[in-house]
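J.: prediction below, plus the sequence it came from.
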Amino acid sequence: MSVADGAFVSILGPSGCGKSTLLYIVGGFVQPTKGTAKMKGDVIREPGPDRGPVFQEFALFPWKTVLGNVMYGPRQQGAKRAEAEAQSKALLEMVGLKGFENFYPKELSGGMKQRVALARTLAYHPEVLLMDEPFGALDAHTRTRLQNDLLSIWERDRKTVLFVTHSVEEAVFLSDKVVMMTRSPGRIRQVIDIDLPRPRRRAELLLDPRYQKYVVEIERMFDDSGENEL
Amino acid sequence: MMRRVAPFLACIGLLLVWQLGSLALNSDSFPTALQAIEAIPAILGDKDSLVNFGASLRRMTIGFSVAVAVSIPLGLLMGRSRAVASFFNPLLMVVYPVPKAALMPIIMLWLGVGDLSKTLVIFLGVSLPVIYHSFEGAKAVEEKMLWSGAAMGLSAAQRLVRIVLPAALPEILSGCRTGLVLALITMITSEMIARQSGAGNILFNALDMGQYDTVFAMIIIVGAMGIGLDALFERLRARLVRWSDPQFDVPLSFS
Amino acid sequence: MNARAITSDLLLGLIPIALLVAVWQALVSFGYAPVTLLPPPGHVIRRMLELLQSTTYQQEIAATLFRLFAGFAIAVILGVSVGLAAAVSPTINAVVRPIVRVLAPLPKVALYPALLLLVGFGHESKILLVTFDALFPILLSTYYGASTVEQKLIWSAMAAGTPPREILFKVVLPAASPSILTGCRIGLVISCIVVFLAEMITSTDGLGHVLVTAARTFQAVDMFVPLITISLLGLILNGLLELLRSYLLRGFPEV
């Protein structure tokens, strides 16, 4: 499988198929048992700021404030405190958390924590965003809000995104390409191009027959495979 | 396999370090490991010592059993009733840092030098961890389990015995394990303070009389008792609560 | 919990203590206990205030505190370093684990005579005993905290560019701090207990020694005072540690 620069790619599959593992391999957190993962021609061996993760569990540092969390990456890269702070505050404003800089993660709701996690990763300017079912732990309403927010943030500099999910609608709504995986042992079944115009608005898209067709077809493909692989 | 052998290797390793250290220091008051080990049969064979050991173990058993019998119900009640917990908590917190063996002189004044004072002190020493662990264990029992029980018609007392007790058992047994270690320690310490009978008495007599081999031999024996009791208890506990998640123990070793 | 609940809990909790003091007073007033064996609470408090103002008693307290802090500090430094090391390095883990399993259930007070023979009857033997006893809870809590750090936290830090050698201090240590501080609290209580007991067994100064001297001269009042003193010291130190803990862990969710 290959991912073009600037593409928003979803990895879709049933539970346990290894889609998260695939993401972790790209992130360099886990080593593949067979085959290689490469970024811009170089083999991926370890994590780095060029591939920034956003996890479902948020993984925020509880001992740091919101601002402290976001500043972590830039400080690690060697930025001066004042510079990192200014940059981080701007990012927090962009994700809609202005005013919460001195809060601790425990004081925030799930949706807010995920925004912090996103800001924290964006703060060190990764070329690729690795998102592991980031909205899975949130309620439906928060999820749709964050999906919209994610898209508008992404539109700004069009980073490459690898987005793992098990929701067909989410995958179709967000991405340019959907990579479908079979159930365990996971294999890539098919890659589907999502030819829908951007910017995407939920209200419009839900009523758009092309969107509906994509969702229905992909879901049918999953159902079919389920019956065959009994 | 390595896992099971490792503790033995550790023992041997430690004894080796001791042996080398004592040879290096070459001091009269620091016998080698081998000398200490050689002195062990003499102690175990001596009738007087055996009487002492028997007394020690007897006190420990009685103190431990009574403590457990009293502390578990108290801890469970505290865990499920805020009123009971608030009533006893501060008292227990005040008593907690007091070394129970340190109460020996006072208790000796009142109850004399015999078994009763030492057993009482052991009782006090074991009670606290068992109460606290029973308390924590009872507190953590899921409310929904109790509601299911109530819906099935169990009374409050029945729920306590048939749901709370088994559910809290892993934690309670953790407390008992700590209590066991404490019983051993309190027993030895109380005997070191009130020298009249028991293992601690043998230890310090030997110290006073300059029989350093015996001193170190006793240390090995007492150490072996501690490790042996702990291992036995752990086995018992694992069997009783086979169904629970692996527990993490912070082996507490109060003096 | 709101303020009203806390205060009502507090009041409820004071009842058993107040009751105890009342019973104590009653036993004396009604002549059930001779004043020589059980002095009335008033006497004890008066004597305590008296002693607290005398420099000799203050020196005793200082001696005890010095040994306590020294032993505790060493235990913290050793325990946290070894615990962290064992959590991140499988080799160190393989070596440390069996040693800890063997040494932890051992009643360390049994080692006290050995310590006396090795380093003499002064401060060092007591400090060392405190260290041995307080070490294990701290080590084990650190190990537990460090080895259960959420993997994703470490990955997030690595992706942000943290080199592996810095992960220990920037992620593992802070993430493990709740556990470490719990272990420290246990270690602190143990330190209070052990230092007092060691001073009771052999010493020339310190609070434990004061108690034993009073016992030998049948001064009941003077026996109660050091006990209450160590109890209060323990409470105060525990309180201070709690404050430190709340400050350091202000970002962490309640466990």
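T.: Received the coordinates, thanks. Small disclaimer: the values here were computed from a predicted structure and weren't measured.

J.: please, where are all the helices along the stretch 51-200 of chain B?
T.: When secondary structure is read from DSSP state H, counting those that start in this stretch, the stretch 51-200 of chain B shows helices at B:82-95, B:104-111, B:115-139, B:143-151, B:156-159, B:165-193, B:199-208.

J.: remind me, longest helix of chain A?
T.: For chain A, the helix reaching the highest residue count under DSSP state H is reported as helix A:209-228.

J.: now do that one: distance to the chain's middle.
T.: Centre-to-centre, helix A:209-228 and its host chain are 22 Å apart (CA atoms, centre = their mean, to the nearest Å).

J.: in that helix, what counts as buried?
T.: With burial defined by 16 or more other CB atoms under 10 Å in any protein chain shown, the residues of helix A:209-228 counted as buried are A:211, A:214-215, A:218, A:222. Backbone N, C-alpha and C define where each C-beta goes, glycine included.

J.: now the residue nearest in space to the middle of chain A: how far from chain C?
T.: With distances taken as CA atoms, centre = their mean, A:M131 lies nearest the centre of chain A, 2.5 Å away. Counting by CB to the nearest CB, to the nearest Å, the gap from A:M131 to chain C is 12 Å.

J.: lowest-pLDDT helix or strand in chain B?
T.: Each helix and strand of chain B was given a mean pLDDT (mean pLDDT, DSSP states H and E); the minimum falls on helix B:104-111 at a mean of 78.

J.: may I have it exported as CSV, CA atoms only?
T.: Below are the C-alpha coordinates for helix B:104-111, written out as CSV (Å, rounded to 0.1, in the frame of the first residue of the first chain):
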residue,chain,number,x,y,z
MET,B,104,5.2,-3.8,75.5
PRO,B,105,6.6,-2.1,78.6
ILE,B,106,3.3,-0.5,79.4
ILE,B,107,1.4,-3.7,78.8
MET,B,108,3.9,-5.5,80.9
LEU,B,109,3.2,-3.2,83.7
TRP,B,110,-0.4,-4.1,83.6
LEU,B,111,-0.4,-7.7,82.5
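
J.: follow-up on the earlier one: part of a strand, is the residue nearest to the centre of chain A?
T.: Yes: according to DSSP: H, G, I helix; E, B strand; the rest coil, the state of A:M131 is that of a strand.

J.: does stretch B:127-138 come close to chain C?
T.: No: using CB under 8 Å from any CB of the partner chain, stretch B:127-138 never reaches chain C; the gap is at least 10.4 Å.

J.: residues contacting that stretch, please?
T.: Counting contacts by CB atoms under 8 Å, 6 or more residues apart in numbering or on different chains, the residues outside stretch B:127-138 that touch it are B:67-68, B:70-72, B:74-80, B:85, B:88, B:92, B:95-96, B:164, B:167-172, B:174-176, B:178-179, B:182, B:252, B:254.

J.: repeat that for stretch B:197-206.
T.: Residues external to stretch B:197-206 that are found in contact with it (CB under 8 Å, 6+ apart): B:43, B:49, B:51-53, B:55-56, B:59, B:118, B:187-193, B:195, B:212, B:214-215, B:218-219, B:221-222, C:110, C:113, C:201.

J.: quick check on those residues: which are buried?
T.: Among these, those classed as buried by 16+ other CB under 10 Å are B:43, B:49, B:52-53, B:55-56, B:59, B:118, B:187-193, B:212, B:214-215, B:218-219, B:221-222, C:110, C:113, C:201.

J.: which single helix of chain C contains the most residues?
T.: Criterion DSSP H: the longest helix present in chain C is helix C:55-88.

J.: for the record, mean pLDDT for it?
T.: When pLDDT is averaged along helix C:55-88, the result is 93.

J.: that one vs chain A: in contact?
T.: No: no part of helix C:55-88 sits near chain A under the criterion CB under 8 Å from any CB; the closest distance found is 15.9 Å.

J.: which is the next helix or strand following that helix?
T.: Towards the C-terminus, the helix or strand next in line after helix C:55-88, according to DSSP states H and E, is helix C:90-103.

J.: excluding its backbone neighbours, what's nearest A:L67?
T.: Closest residue in space to A:L67, ignoring its immediate chain neighbours: A:E101 at 4.0 Å, by CB to CB, 6 or more residues apart in numbering or on different chains.

J.: rank the helices of the stretch 51-200 of chain B by pLDDT, which is bottom?
T.: Out of those, the stretch the model trusts least by mean pLDDT is helix B:104-111, with a mean of 78.

J.: just give me how far that one sits from the chain centre.
T.: When C-alpha coordinates are averaged (CA atoms, centre = their mean), helix B:104-111 and its chain have centres 22 Å apart.

J.: likewise stretch C:44-53?
T.: How far stretch C:44-53 lies from its chain's middle: 24 Å, per CA atoms, centre = their mean.

J.: repeat that for stretch A:107-119.
T.: Stretch A:107-119 has its average C-alpha position 14 Å from the chain's average C-alpha position, going by CA atoms, centre = their mean.

J.: for stretch A:168-176, same thing?
T.: That offset, for stretch A:168-176, works out to 12 Å (CA atoms, centre = their mean).

J.: same deal with stretch C:62-78?
T.: When C-alpha coordinates are averaged (CA atoms, centre = their mean), stretch C:62-78 and its chain have centres 10 Å apart.

J.: show me the contacts for B:M78.
T.: Contact criterion CB under 8 Å, 6+ apart gives B:84-85, B:88-89, B:131, B:134-135, B:138 as the residues in contact with B:M78.

J.: okay if I get the residues you listed as TSV plus neighbour count?
T.: Rendered in TSV, the data for the contacts of B:M78 read as follows (neighbours: other CB atoms under 10 Å in any protein chain shown):
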residue	neighbour count
B:V84	17
B:A85	20
B:F88	20
B:N89	18
B:I131	24
B:S134	30
B:F135	28
B:A138	24
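
J.: residues in contact with the longest helix of chain A?
T.: A:12, A:14, A:168-169, A:171-173, A:178, A:180, A:182-183, A:189-190, A:192, A:194-196, A:205.

J.: again, but for stretch A:131-142
T.: Counting contacts by CB under 8 Å, 6+ apart, the residues outside stretch A:131-142 that touch it are A:20, A:23-24, A:53-58, A:109-111, A:114, A:117-118, A:143, A:146-147, A:161-166, A:170.
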